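Colleague: got a sequence here, can you model it:
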Amino acid sequence: MKIGAVIVAAGRGARAGGGTPKQWRPLAGQTSTQFALQAFASHPGIERLVLVLHADDIATDYWPTTPDAEIVTGGDTRSASVLAGLQVLEGACDQVLIHDAARPCVSRAVIDDVIDALRSGPAAAPAVAVVDALWRGENGAVAETVDRSALYRAQTPQGFDLDAILAAHRAFPDGAADDVALARHAGLTVAITRGSEDNLKITLPEDFERAERILRARDGH
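Modeller: This is a model prediction of the structure:
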């Protein structure tokens, strides 16, 4: 089975602050996008790599030139950007991993587990079980404690049979919360694989410091 990967780097990331989109801000000497690309480009199971960029970023020097990634312009929504990346791989790969460029700390083990799960099913995605108490708030006060026993925090890469996730995107052009939600709308069973606390998504300004600590620790610093 040929496996491709789509790295989605077309968002604006306003909550992260800093003016520059979060996937292009300096991080441990590189950018979040560069670390994400390296994780998949260096994986022996990934045969093709697609990087999806915002139209405004194509003509900038944000993104690294790399022979390993094909560049495609994204759309107005995340779903449209993912679809643009998937269409590059159509007919060339059997399976695809879709990953957010804002997750720079993804590990080989997380990627491996998703690939392994795709050997026996049409879709798989990593997640971490919720361990903290969960509250539903109302007017600034705790209104209810929510049962956390079957709840997970979703991560990427989310892996799919390529034809199946392409059909799902085309059938539901308005998209969904993520590609797993879209796959479930299309009737696919999505296996849960092991996520990692290190596989954080950079969302807020303080996430850069945590990601940098993780990345530097891997380099022995």
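Colleague: contact partners for T193?
Modeller: For T193, the contact set (CB atoms under 8 Å, 6 or more residues apart in numbering) comprises 110, 113-114, 116-117, 124-127. All C-beta atoms are positioned from the backbone trio N, CA, C, and that covers glycine.
Colleague: which residue packs closest to it, ignoring adjacent ones?
Modeller: Computed as CB to CB, 6 or more residues apart in numbering, the closest residue to T193 that is not its neighbour in sequence is D113, at 4.1 Å.
Colleague: would it be right to say that A164 lies in a helix?
Modeller: Yes: counting by DSSP: H, G, I helix; E, B strand; the rest coil, A164 is found in a helix.
Colleague: pass me the low-pLDDT residue ranges in the chain, would you?
Modeller: Per-residue confidence for the chain (pLDDT under 70) gives these ranges: 12-19, 59-67, 219-221.
Colleague: in it, which spans are strands?
Modeller: According to DSSP state E, the chain carries its strands in the segments 3-9, 26-27, 30-31, 48-53, 69-73, 95-100, 123-129, 134-138, 141-146, 152-154, 158-161, 190-194.
Colleague: dump those to TSV, plus distance to E212.
Modeller: Supplementary listing: these in TSV, determined by distance: least, CB to CB, whole Å:
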stretch	distance to E212
strand 3-9	19
strand 26-27	6
strand 30-31	10
strand 48-53	22
strand 69-73	23
strand 95-100	18
strand 123-129	20
strand 134-138	29
strand 141-146	32
strand 152-154	21
strand 158-161	25
strand 190-194	24
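Colleague: relative to R170, which of these is closest?
Modeller: Using CB to CB as the criterion, the shortest distance between R170 and the strands of the chain is 13.4 Å, found for strand 158-161.
Colleague: partner strands of the closest one, parallel or antiparallel?
Modeller: strand 95-100 (antiparallel), strand 123-129 (antiparallel) (DSSP bridges).
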